[in-house]
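Peer 1: sequence first, then the predicted structure, then my questions.
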Amino acid sequence: MDKKQVLIRTLVLMALSAMVAVGILLLTGVFDNDEPAPERPQLSAPLNLRLTGLNRTLTWDAVLHAGAYDIYVDGVRAGTTTQSSFSIPPLSLEYGTYELRVRAVGNQNTHRNSILSLPIQLVWEPLPHPED
């Protein structure tokens, strides 16, 4: 057997020995962590929802540690933004009354999503036309 073959066999035996050692440690519970994972705090619900700009923009107070916000219209998620405001596209809703809510979205590793905010009512109607 030449030196290259001896080296390869030695490396293979070392790798197998390491795998056996890790397996033994796992079986004996050395790597077990019986402590429960720490509870991730839940983000606060967004506060002070308000409509601005002829009711075409929804704004709210930013939530500490929120990475994004989900916007709900009548209980259905209508969009997501990383800002503390959301512009409502002009042709996205029929004229009528809608309930808007916002949920702060957390980094799932450190923070859980908030509950939905208190609702705000949007009355969607045609924009006023300037007098000719």
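Peer 2: Right, received. Where do you want to start?

Peer 1: which stretches in this structure count as strands?
Peer 2: Ranges of strands in the chain, per DSSP state E, are 50-52, 57-59, 66-73, 76-81, 85-87, 96-106, 120-124.

Peer 1: who wins for proximity to residue 2 among those?
Peer 2: strand 66-73 (58.0 Å; Cβ to Cβ). Heads up, the C-betas are built off the backbone N, CA and C, glycines and all.

Peer 1: what packs against that closest one?
Peer 2: Packing partners of strand 66-73 (3 or more Cβ pairs under 8 Å, 6 or more residues apart in numbering; DSSP states H and E): strand 76-81, strand 96-106.

Peer 1: mind listing what it pairs with, with the direction of each?
Peer 2: If you go by DSSP bridges, strand 66-73 pairs up with strand 76-81 (antiparallel), strand 96-106 (antiparallel).

Peer 1: tell me the most buried of the ones you listed?
Peer 2: strand 96-106 (a mean of 19; mean count of other Cβ atoms under 10 Å).
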